[in-house]
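K.L.:
next input, structure requested:
(chains A and B)
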Protein chains: 2
Amino acid sequence: MSHSDASKSSQHVPSVPAAQAVHHESRNASNSAGYLLPTLHALASSGSRPNLTLLDVGAGSGTISVTLAQAVAPCGGTVVATDVNPGILPRAQAIADAAGVTNLTFQQADALSLPFPDGSFDVVHCHQVLTHIKAPWDALREMVRVAKPGGVVAAREGDMVTEAVWPPLPGLLRFHDLAAAAMRSYGGSNTAGRELLSWALKAGVERERIGYSVGTWSYSSKEERQVWARGMRQQLQEGRLRTAGLEKGLATEADMEEMDKAWEEWEERDDAMLAMMSGEILIQK
Amino acid sequence: MSHSDASKSSQHVPSVPAAQAVHHESRNASNSAGYLLPTLHALASSGSRPNLTLLDVGAGSGTISVTLAQAVAPCGGTVVATDVNPGILPRAQAIADAAGVTNLTFQQADALSLPFPDGSFDVVHCHQVLTHIKAPWDALREMVRVAKPGGVVAAREGDMVTEAVWPPLPGLLRFHDLAAAAMRSYGGSNTAGRELLSWALKAGVERERIGYSVGTWSYSSKEERQVWARGMRQQLQEGRLRTAGLEKGLATEADMEEMDKAWEEWEERDDAMLAMMSGEILIQK
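P.N.:
Below is the predicted model:
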């Protein structure tokens, strides 16, 4: 996984992010929204959409939003990025400031009730958001609602069950199961990637208007292993996965330690890899 | 999955292929060796490799070989394609003839004992071959042996366990398990994609010389579903999967019928998708 833009910019912002944030902040338009870029460039450069507007739903710390904003800036485009959690917005703003991006604003919003009139944006995008929502088709319906006629709705969601890891250390296999169980315990889906197309149909979109593709994330070089392993270890040591795992009885302290040691070993091994598929949809409104 | 080149050419050859062959013959360099193409073009156009030679190991009916031959033709390159099964070679030759490709020759050869001197080829390639071999690192060692110093060895192998399918019809889940069991019963691996990097290390290649990536195959449009479903149904009705499944007691006649009906339903459903990851390595010799 390439993560040049985001990692560079995150070095200039005041608060040094925790390991999991480093992993999340390695996301950018190129590695996480590649399926959207040709369409985005075509819209931005066609002249038919002067001052293109893009809404990035559930943007988190906004590293993808920043690179989407950079992609539409040359044609006068602007981006609005939202997150349901207002606590993340200062961090996102700091990342945008550090990158010198000025055509991007952040605001708190619930994906299930977007505070925008019908037909507000040329492009509506989300990444790894629907997988956390109990009725993801309702969020998709909202995204379609706020898109302009002739605009595009784009979503990319991981499919945790497809995660492949080598070597098959027992602690890694246990981690795979724990992460899936934790996702389900929150009401999310661990098979979002394969279900995404069915969710769009359930949101009332016609099949002819949906393009479906599948992308991957993979980690195997030394640098990639370092980013991924440290992110996973941080989740086990102090992150939400630890809290959920212990509170809901999905894992014990000893399990946490075994999984932590497994990621430590994985990071050091030359034969190590991890990959996961994501489903991708492009809806033509 | 795009399969324009191969399907076009296969319409001109004398024997109309069975459904599974249609699926196999939808493979081409673009959809099955995309990770190799930038390197191949760089080698072919650099002038440092005049009359580039490429060996395609385990080429089957040769649709990938044909498109690789087309890719290197403008720079005077030639391709030798092998398969362990001599029965497939006339079909491969017919496909090459129909495509008007003349810089490609076919010959029978065992991947574990390639009939070429050390350092014979600039590029040595295989696709979905090592997954069928009990000691795949021995085949990789052979491929490295016959590559020239400064040349490239490329391999792409599927990872069946990562196969994701929607909707989760019982017959499709049973098929997923049957296909994996049949592969293992032949001594093959159903996790080749994730193990490929470890196999290259086991073949004696240094980690620094190996690039590892992950690609996908996915099927969801009406045309894609038709190609895939008919290929799978043919395997259940008269293919090797049927023979293996019944002979080895992995499935009954009734199971075969249930799976066949599930693929029939899958082909008709708008929400249907199937995807699988493949591991890819590029070795710099």
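K.L.:
for the stretch 151-285 of chain A, give me the ranges with low pLDDT.
P.N.:
For the stretch 151-285 of chain A, applying pLDDT under 70 flags no range at all.
K.L.:
how close does the closest residue in space to A:R141 that isn't next to it in sequence sit to chain B?
P.N.:
Counting by CB to CB, 6 or more residues apart in numbering or on different chains, A:R141 lies nearest to A:A203, which is 4.3 Å off, once chain neighbours are set aside. Just so you know, the C-beta spots here come from the backbone N, C-alpha and C atoms, and that holds for glycine as well. Taking CB to the nearest CB, to the nearest Å as the measure, A:A203 falls 12 Å from chain B.
K.L.:
pretty sure A:A203 contacts A:A147?
P.N.:
No - look at A:A203 against A:A147 with CB atoms under 8 Å: they stay out of range, at 11.8 Å.
K.L.:
the more surrounded of the two?
P.N.:
For A:A203 versus A:A147, neighbours defined as other CB atoms under 10 Å in any protein chain shown are more numerous around A:A147 (24 against 21).
K.L.:
name whatever forms a beta bridge with that one.
P.N.:
Beta-bridge partners for A:A147, by DSSP bridges, are A:F121.
K.L.:
hmm, it is touching A:K285, no?
P.N.:
Yes - applying CB under 8 Å, one finds A:A147 in contact with A:K285, separated by 4.6 Å.
K.L.:
which neighbours do those two share?
P.N.:
Both A:A147 and A:K285 are contacted by A:V153, under the criterion CB atoms under 8 Å, 6 or more residues apart in numbering or on different chains.
K.L.:
and the next helix or strand past the helix or strand hosting A:Q234?
P.N.:
Here A:Q234, judged by DSSP states H and E, is contained in helix A:222-237. Note on helix A:222-237: by DSSP H and E, the next helix or strand toward the C-terminus is helix A:240-247.
K.L.:
relative to helix A:222-237, how tilted is that following helix?
P.N.:
40 degrees (axes from the mean of the first three to the mean of the last three CA atoms, to 10 degrees).
K.L.:
let me see the contact set for A:M277.
P.N.:
Per CB under 8 Å, 6+ apart, neighbours of A:M277: A:G158, A:D159, A:T162, A:G193, A:V214, A:G215, A:T216, B:T162, B:A164, B:T216, B:A275, B:M277.
K.L.:
which residue sits closest to it, ignoring its sequence neighbours?
P.N.:
A:T162 (4.4 Å).
K.L.:
which SS class is the one you found?
P.N.:
strand (DSSP: H, G, I helix; E, B strand; the rest coil).
K.L.:
that one contacts A:A180, doesn't it?
P.N.:
No - contact criterion CB under 8 Å: A:T162 and A:A180 do not qualify, at 11.0 Å.
K.L.:
before we move on, the earlier item: and the residue nearest to A:R141, backbone torsions?
P.N.:
When read as degrees, to the nearest 10, the backbone of A:A203 gives phi -80, psi 0.
K.L.:
over to A:I95?
P.N.:
According to degrees, to the nearest 10, A:I95 has phi -70, psi -40.
K.L.:
give the burial count for it, as a bare number.
P.N.:
Using other CB under 10 Å, A:I95 is surrounded by 24 other residues.
K.L.:
before we move on, back to that, return the member of the contacts of A:M277 nearest to B:F116.
P.N.:
Distance to B:F116 across the contacts of A:M277 (CB to CB) is lowest for B:M277, with 31.1 Å.
K.L.:
how about the closest one, secondary structure?
P.N.:
strand.
K.L.:
quickly list what it is bridged to.
P.N.:
In beta-bridge terms (that is, DSSP bridges), B:M277 pairs with B:D159, B:T216.
K.L.:
list the buried residues of stretch A:247-259.
P.N.:
Neighbour-count burial for stretch A:247-259 flags A:L250, A:A251, A:D255, A:M256, A:E258, A:M259 (criterion: 16 or more other CB atoms under 10 Å in any protein chain shown).
K.L.:
over to stretch A:110-118?
P.N.:
By 16+ other CB under 10 Å, the buried positions in stretch A:110-118 come out as A:A111, A:L114, A:F116.
K.L.:
same question for stretch A:206-222.
P.N.:
A:I210, A:G211, A:Y212, A:S213, A:V214, A:G215, A:T216, A:W217, A:S218, A:Y219, A:S220, A:S221.
K.L.:
if I've got this straight, A:Q107 is in a strand?
P.N.:
Yes - in this structure, A:Q107 lies within a strand as judged by three-state DSSP.
K.L.:
shouldn't it be in contact with A:V84?
P.N.:
No - with contact defined as CB under 8 Å, A:Q107 does not reach A:V84; the gap is 11.0 Å.
K.L.:
looking only at neighbour counts, state which of the two leads.
P.N.:
Set A:Q107 next to A:V84 and count neighbours by other CB under 10 Å: A:V84 wins out with 16 against 12.
K.L.:
contact partners for the more buried one?
P.N.:
A:V84 makes contact with A:G58, A:Q108, A:A109, A:D110, A:A111 under the criterion CB under 8 Å, 6+ apart.
K.L.:
grab the nearest non-local neighbour of A:L68.
P.N.:
Using CB to CB, 6+ apart, the closest residue to A:L68 is A:A29 (5.0 Å).
K.L.:
what's the one you found in contact with, if anything?
P.N.:
Per CB under 8 Å, 6+ apart, neighbours of A:A29: A:L36, A:L37, A:I64, A:T67, A:L68, A:Q70, A:A71.
K.L.:
which outside residues touch the strand or helix carrying the fourth one?
P.N.:
Looking back up the chat, that one is A:T67. For A:T67, the host element (DSSP H and E) is helix A:63-72. Residues outside helix A:63-72 that contact it (CB under 8 Å, 6+ apart) are A:5-6, A:9-10, A:24-30, A:32-33, A:37, A:40-41, A:44, A:52, A:54, A:56, A:59, A:77-79, A:81, A:92, A:95-96, A:99, A:101, A:103-104, A:106, A:125, A:127.
K.L.:
repeat that for 6 Å
P.N.:
For helix A:63-72, the external contacting residues (CB atoms under 6 Å, 6 or more residues apart in numbering or on different chains) are A:5-6, A:25, A:27-29, A:32, A:44, A:52, A:54, A:56, A:59, A:79, A:81, A:96, A:99, A:101, A:103-104, A:127.
K.L.:
now swap in stretch A:248-257 and tell me
P.N.:
Taking CB under 6 Å, 6+ apart as the rule, stretch A:248-257 contacts A:L178, A:A181, A:S185, A:L236, A:G245.
K.L.:
ChimeraX command for the buried members of those residues?
P.N.:
The buried residues among the contacts of stretch A:248-257 can be selected in ChimeraX (16+ other CB under 10 Å) with this line:
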select /A:178,236,245
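K.L.:
from the contacts of stretch A:248-257, which is closest to B:I133?
P.N.:
Comparing the contacts of stretch A:248-257 against B:I133 with CB to CB places A:L178 closest, at 34.3 Å.
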